[in-house]
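Engineer: could you work out the structure for the sequence below:
(chains A and B)
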2 protein chains.
Amino acid sequence: MFSFKIQAIQGRARAGIFTTPHGDLETPLFAPVGTQAAVKTLTPAQLDELGASLVLANTYHLFLRPGDELVADMGGLHCFMQWPHPILTDSGGFQVFSLAQTRKIDDDGVTFKSHIDGSTHRFTPEKSIQIQENLGADIIMAFDECSDPNNHGYSKTAMERTHRWAERSLTAKKRTDQALFGIIQGGVDPDLRTTSAQFISSLSFPGIAIGGLSVGETKQEMHATLRLVTQLLPENKPRYLMGVGTPEDLINGIALGVDIFDCVLPTRLARHNAAFSSQGRLNLMNATFAHDQHPIDETCDCYTCRTFTRAYLRHLIVAKELLAGTLLSIHNLHALIQLVKDIRTSIINNTFKSKVPGWLEKWHGNAERKSTILHKEAG
Amino acid sequence: MFSFKIQAIQGRARAGIFTTPHGDLETPLFAPVGTQAAVKTLTPAQLDELGASLVLANTYHLFLRPGDELVADMGGLHCFMQWPHPILTDSGGFQVFSLAQTRKIDDDGVTFKSHIDGSTHRFTPEKSIQIQENLGADIIMAFDECSDPNNHGYSKTAMERTHRWAERSLTAKKRTDQALFGIIQGGVDPDLRTTSAQFISSLSFPGIAIGGLSVGETKQEMHATLRLVTQLLPENKPRYLMGVGTPEDLINGIALGVDIFDCVLPTRLARHNAAFSSQGRLNLMNATFAHDQHPIDETCDCYTCRTFTRAYLRHLIVAKELLAGTLLSIHNLHALIQLVKDIRTSIINNTFKSKVPGWLEKWHGNAERKSTILHKEAG
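Structural biologist: Numbering: from 1, shown residues only, chains lettered A, B, ... in the order given. Presented below is the predicted three-dimensional model:
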């Protein structure tokens, strides 16, 4: 039901096809985030037009609202949100640690209070898998604990727990039409990361996720960790870098052999009136755009850039028209999805290496100086 | 540049074609409201898919933000908001009286304070026409004063001022590629309405609008006034009933010979989680819909009803996902646009009269008991 075929390799960058019950995923790919079973402000028809293939949904959020059993009753996530292509759910671990209130972690699981109504709940590896089986995504994740990257002692404890929970997640899994990915943790410590990469790779996961990055470490730490970890992973399994990132992160990640990315950044920036562009990140509320008849980015062929001026987008923002968020989400998602598609083509055409400097140059002004907890705020 | 051809008449109901510089309008028609040069939450592509033909934009709002001169600099409203089909702007009169603060009316015009920043501005008939010429819609409106329907003395004063302002609007008009419609006022007083209908009809307007209805009078008063006024209008000019309405209002209005309608109701209801349906108006936040796998309306073929369950829409509402507003706006606008298209077909096929009872029955539960100031709240 699942298979991963590598079509082309250039350096460590790979172009592949990951087959799932809801269709083939051409990797590398960027997955929009639909936290609450909806990519914020966009219809599935608009997502389809953007060329999105995989969509991520959050287990923590959907467990709390509307409830995984309700989603199962409605025929599962694909049917509920009407996304006929592949879906990935995370394990809920990250959100429990970043969003929920007054959590208590023990070796068996985590007890936490809902950020919505304060009600008390408990996640264990078994519970996370049960919820994800109710949700019914194509790719599901082992329950893990994401540590503070700057706290070695905690990183070690969290990594060891993550390893035990990975084994329990594998044991708990019943459905055969879902691919369960294991998650590597270990903060920014090379020894811990090596141990974790080797351990998770030794288990029978059909795919491997790299967790605990883009959570507050420096860009240098993130790249060094990623460079180390990707060298240790089996070639024949898809690699998923969770919650990353910026255009630069995607280019660098693919160069290091990552296949799958997701990030809330495109839709989150849109809600803050910001847009990726080849002239750097633009805040379209800026008064300098009031009479600007150019599109956000002359080099972009998304619906927003084909259709609207910066002047109109600024007007929508100033006038508090929600359409602004929709149009900026379309542009920002298109920018990342198309960038990764272009990179994929270059890997197949054997032009990736020669094109990387140009891409890094083009997208330079869109980088964050420090990686931030982007998936902490949902969607 | 403008012409109105009647294709079929059944009773007083008419099917016609109003030719404008941006294309032919098939009447009767329902126009979505794009107060601030955007129909709330919808892209022009989504509006096009809905079969919208004419879109209304508000002169008062666009004068204040982003300014009519900016819109002119950007190539006019069609170019600015990227709506290639016909556009109608109102005169700003109604909003000055309903939205602006501390207004002072004299025979020459109205001085008012912006509801956005309290800044002072003045509208006269000449100023309203100048703004509307800057905006560049296909159909523009004479500057008018809308009175309280329950205050006869004020209705008479406002009507007389509206008449003088109608003449000044005609004189002020310079562009030949815009059709200037006159507006009938007179509250709910039959004598005043007769006087106003006769006076406005006697001027050289290529179309006639009926103002001052759906502003707080009873349904009975509204229908009686509409019945009276439409009898007095020339057959060969399009008739526009401003700010109306509900499905029932549209059916009744067309039966009395109205050609053009606009109303914020579909998008406004969407923002309040409500949807038109053949089972009456539904509030989709209601917990009874939590597991409901039906579409909003089994008889509707809009994108929302073809795609999503009530359960999913309720989830989006409860989870505060903005996509809910988009999907409900699509449904509510489709309901009215399609109802009027179906009525148009029936007039041409000579089946209108036989179908009216069924339509009134189907849409009965969506009526308001009292007409309300729907265009007071924008969009």
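
Engineer: middle-most residue in chain A, spatially?
Structural biologist: Nearest residue to the geometric centre of chain A (C-alpha atoms, centre = their mean): A:Asp262, 1.8 Å.

Engineer: now do the contacts for A:Ser114.
Structural biologist: A:Leu64, A:Ala100, A:Gln101, A:Thr120, A:His121 (C-beta atoms under 8 Å, 6 or more residues apart in numbering or on different chains). Quick note: C-beta positions are derived from backbone N, CA and C, even for glycine.

Engineer: strands of the stretch 1-150 of chain A, residue ranges please.
Structural biologist: A:3-10, A:13-20, A:23-27, A:29-31, A:55-57, A:87-89, A:101-105, A:110-113, A:120-123, A:139-141 (DSSP state E, counting those that start in this stretch).

Engineer: looking at the contacts of A:Ser114, spot the one nearest chain B.
Structural biologist: A:Leu64 (9.5 Å; C-beta to the nearest C-beta).

Engineer: could you check which residue of the stretch 51-200 of chain A lies nearest chain B?
Structural biologist: Counting by C-beta to the nearest C-beta, the stretch 51-200 of chain A gets nearest chain B through A:Pro66, at 4.4 Å.

Engineer: phi first, then psi, for that residue.
Structural biologist: phi -90, psi 0 (degrees, to the nearest 10).

Engineer: how about the residue lying closest to A:Asp48 once chain neighbours are set aside, what does it touch?
Structural biologist: Using C-beta to C-beta, 6 or more residues apart in numbering or on different chains and skipping the chain neighbours, the partner closest in space to A:Asp48 is A:His85 (8.0 Å). With contacts defined as C-beta under 8 Å, 6+ apart, A:His85 is in contact with A:His22, A:Gly23, A:Asp48, A:Ala52, A:Ser53, A:Leu54, A:Val55.

Engineer: so which residues on chain A come close to chain B?
Structural biologist: Proximity of chain A to chain B, by C-beta under 8 Å from any C-beta of the partner chain, involves residues A:36-38, A:40-45, A:61, A:65-66, A:70, A:73-74, A:80-82, A:290-291, A:293, A:303, A:307-309, A:311-312, A:314-316, A:318-319, A:321-323, A:325-327.

Engineer: now A:Leu213: which helix or strand?
Structural biologist: Taking DSSP states H and E as the definition, one finds A:Leu213 inside no helix or strand.

Engineer: could you report the separation of the nearest residue to it once chain neighbours are set aside from A:Thr246?
Structural biologist: Spatial nearest neighbour of A:Leu213, excluding adjacent residues (C-beta to C-beta, 6+ apart): A:Met222 at 5.1 Å. According to C-beta to C-beta, to the nearest Å, A:Met222 stands 11 Å off from A:Thr246.

Engineer: likewise for A:Ser346?
Structural biologist: 19 Å.

Engineer: which of those two has more neighbours?
Structural biologist: Taking other C-beta atoms under 10 Å in any protein chain shown, A:Ser346 and A:Thr246 do not tie; A:Thr246 has more neighbours (24 against 21).

Engineer: these two touch, right, that one and A:Leu265?
Structural biologist: Yes: the pair A:Thr246 / A:Leu265 is scored as a contact, 6.6 Å apart, by C-beta atoms under 8 Å.

Engineer: quick one: which of the strands of the stretch 1-150 of chain A is nearest B:Asn252?
Structural biologist: Judged by C-beta to C-beta, the one of the strands of the stretch 1-150 of chain A that comes nearest to B:Asn252 is strand A:55-57, at 45.2 Å.

Engineer: helices or strands up against that closest one?
Structural biologist: If you count contacts as 3 or more C-beta pairs under 8 Å, 6 or more residues apart in numbering or on different chains; DSSP states H and E, strand A:55-57 packs onto strand A:87-89.

Engineer: what is the strand it packs on packed up against?
Structural biologist: Checking 3+ C-beta pairs under 8 Å, 6+ apart, strand A:87-89 ends up next to strand A:55-57, helix A:77-81, strand A:139-141.

Engineer: pick the most deeply packed of these.
Structural biologist: strand A:139-141 (a mean of 28; mean count of other C-beta atoms under 10 Å in any protein chain shown).

Engineer: A:Ala270 belongs to a helix, doesn't it?
Structural biologist: Yes: under DSSP: H, G, I helix; E, B strand; the rest coil, A:Ala270 sits within a helix.

Engineer: got the confidence number for it?
Structural biologist: Looking at A:Ala270, its pLDDT is 98.

Engineer: relative to B:Ala172, how far out is it?
Structural biologist: 42 Å.

Engineer: neighbour count for those two, which is higher?
Structural biologist: Using other C-beta under 10 Å, the more surrounded residue of A:Ala270 and B:Ala172 is A:Ala270, with 26 against 20.

Engineer: what sits closest to that one if chain neighbours are left out?
Structural biologist: Nearest non-adjacent residue to A:Ala270 (C-beta to C-beta, 6+ apart): A:Leu328, at 3.6 Å.

Engineer: wait, what's in contact with the one you found?
Structural biologist: A:Leu269, A:Ala270, A:Asn273, A:Ala274, A:Ala275, A:Leu284, A:Ile296, A:Thr304, A:Leu313.

Engineer: and for A:Ala37?
Structural biologist: Contacts for A:Ala37 were tallied using C-beta under 8 Å, 6+ apart; they are A:Ala57, A:Leu62, A:Val71, A:Leu77, A:Phe80, A:Met81, B:Tyr312, B:His315.

Engineer: A:Arg314 too?
Structural biologist: Counted by C-beta under 8 Å, 6+ apart, A:Arg314 has contacts A:Leu284, A:Met285, A:Asn286, A:Ala287, A:Phe289, A:Ala290, A:Asp292, B:Pro66.

Engineer: reformat the contacts of A:Ser114 as JSON lines; add neighbour count and pLDDT.
Structural biologist: Converted to JSON lines, the contacts of A:Ser114 look like this (neighbours: other C-beta atoms under 10 Å in any protein chain shown; pLDDT from 0 to 100):
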{"residue": "A:Leu64", "neighbour count": "22", "pLDDT": "97"}
{"residue": "A:Ala100", "neighbour count": "22", "pLDDT": "76"}
{"residue": "A:Gln101", "neighbour count": "10", "pLDDT": "74"}
{"residue": "A:Thr120", "neighbour count": "12", "pLDDT": "95"}
{"residue": "A:His121", "neighbour count": "17", "pLDDT": "96"}
